[in-house]
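Chemist: Sequence below, structure please.
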Amino acid sequence: MLQLRHFKYDLAFKYPFTTYKGTKTHQPMLVVALSMGRLYGCGEVGAISYYDVTVDGMIEQLEAKRNVIERYSITDPERFWHFLHHLLPGQNFLIAALDIAGWDLFAKMRNKPIYELLGLKWENVPMTDYTIGMDDMDEMVKKLKQNPWPLYKVKMGRPDDIDLVKAIRDNTNASIRVDANEGWQFEDAKRIIPELEQLGVQMIEQPLHRDQHEAMKELKAISPLPLFADESCQVEGDIERCADEFHGVNVKLAKCGGITPAVRMIKSAKEKGLKTMVGAMCEANIGSAAIAQLMPMLDEVDADGPLLLKEDIATGLTYKDGIITLSGKPGLGVDFIAKKFEK
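Modeler: Have a look, this model is predicted:
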């Protein structure tokens, strides 16, 4: 019989983290642990205010369904996800944490890392970026110099923020991505994307609001840079529409409901000729390790959460010069420091 535990905590960012949607100094997190005998699996998800998700709300849902979850026998992680999907309709963030924990536990039972259970080989894995949040120019350049990295993601909001990208480019030869987080209008995007190309920007995430479908189709047709969906790509049903509007998709485990649907979304995107990426929502080691298991499937990855946080609640991932290295242990390959944060 499963035993369910949950842990609530806030992790401080190294720097205030600002995007077009706001600024935060701490990331509220929920960790769930599913144990069977001496083995346990962990899953992690962050609470995101603009998706109306809170840690307390997820814990309330967990406690309401605790008895049903603990009676479930995990014999197949994909079947476990389907069970959760029906048990907790619309609760994708919470489902993601439980799904990741289920994969971690099941893989430990099989004494294999998750990527091997997915039929993947640890080869041709992409490099992760390091995100520089919006700030004044001097502070962004300061963050750049304090965190040398071969690939940066730069958050932009207003079109005039192109001056921030110019300042970044003046101080590094590294590759640059831009994430607009829905912050631009069509005419502004049409004007500044060629300028970003001249600055050597590699790709752009979510230039327009997710509802601007016709404008995105037109922008895709004329953009000299690859455009990746983020807010426009949340669940499996979004992939087909994204194929008309973007060159690639950024899948988020929290939004879609975990590893299980993310794998399906990646495969579906590839079938439609889209580039694939899995992105972070400021996850610490546990959530980032879940992302890392999928890297052999991906063209791009954004899994820099542990680099942005002052402290972590697990160990196991190693970051060096853009490369993520797993520990080699079964499951996610991480060790949860439960006692440090248990309340």
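Chemist: now the helices for the stretch 51-200 of the chain?
Modeler: 55-70, 77-87, 92-109, 114-117, 137-146, 162-170, 186-198 (DSSP state H, counting those that start in this stretch).
Chemist: Report the distance from the third one to the chain centre.
Modeler: Going back to what we said before, that points to helix 92-109. 15 Å (CA atoms, centre = their mean, to the nearest Å).
Chemist: And stretch 121-136, by the same measure?
Modeler: For stretch 121-136 - counting by CA atoms, centre = their mean - the centre lies 11 Å from the chain centre.
Chemist: Touching, Lys14 and Lys310? I think so.
Modeler: Yes. The pair Lys14 and Lys310 passes the contact test of CB atoms under 8 Å, sitting 5.4 Å apart. Glycine gets a C-beta too; all of them are placed from N, C-alpha and C.
Chemist: Which one's more surrounded, these two?
Modeler: More neighbours surround Lys14 than the other of Lys14 and Lys310, with 13 against 10 (other CB atoms under 10 Å).
Chemist: Is the more buried one in a helix, a strand, or coil?
Modeler: strand (DSSP: H, G, I helix; E, B strand; the rest coil).
Chemist: so who does Ala289 touch?
Modeler: The contact partners of Ala289, taken as CB atoms under 8 Å, 6 or more residues apart in numbering, are Ala314, Gly316, Leu317, Leu326, Leu332, Gly333, Val334.
Chemist: quick one: contacts for the residue most central in space within the chain?
Modeler: The centroid of the chain falls nearest to Ala280 when counting by CA atoms, centre = their mean (2.2 Å). By CB under 8 Å, 6+ apart, the contact list for Ala280 reads Thr131, Lys252, Gly287, Ser288, Ile291, Asp302, Ala303, Asp304, Gly305.
Chemist: Quick check: closest non-adjacent residue to it.
Modeler: Gly305 (4.7 Å; CB to CB, 6 or more residues apart in numbering).
Chemist: Give the pairing partners of whichever strand or helix holds His26; include direction for each.
Modeler: Assigned by DSSP states H and E, His26 falls within strand 22-36. Using DSSP bridges, strand 22-36 pairs in its sheet with strand 3-19 (antiparallel), strand 39-46 (antiparallel).
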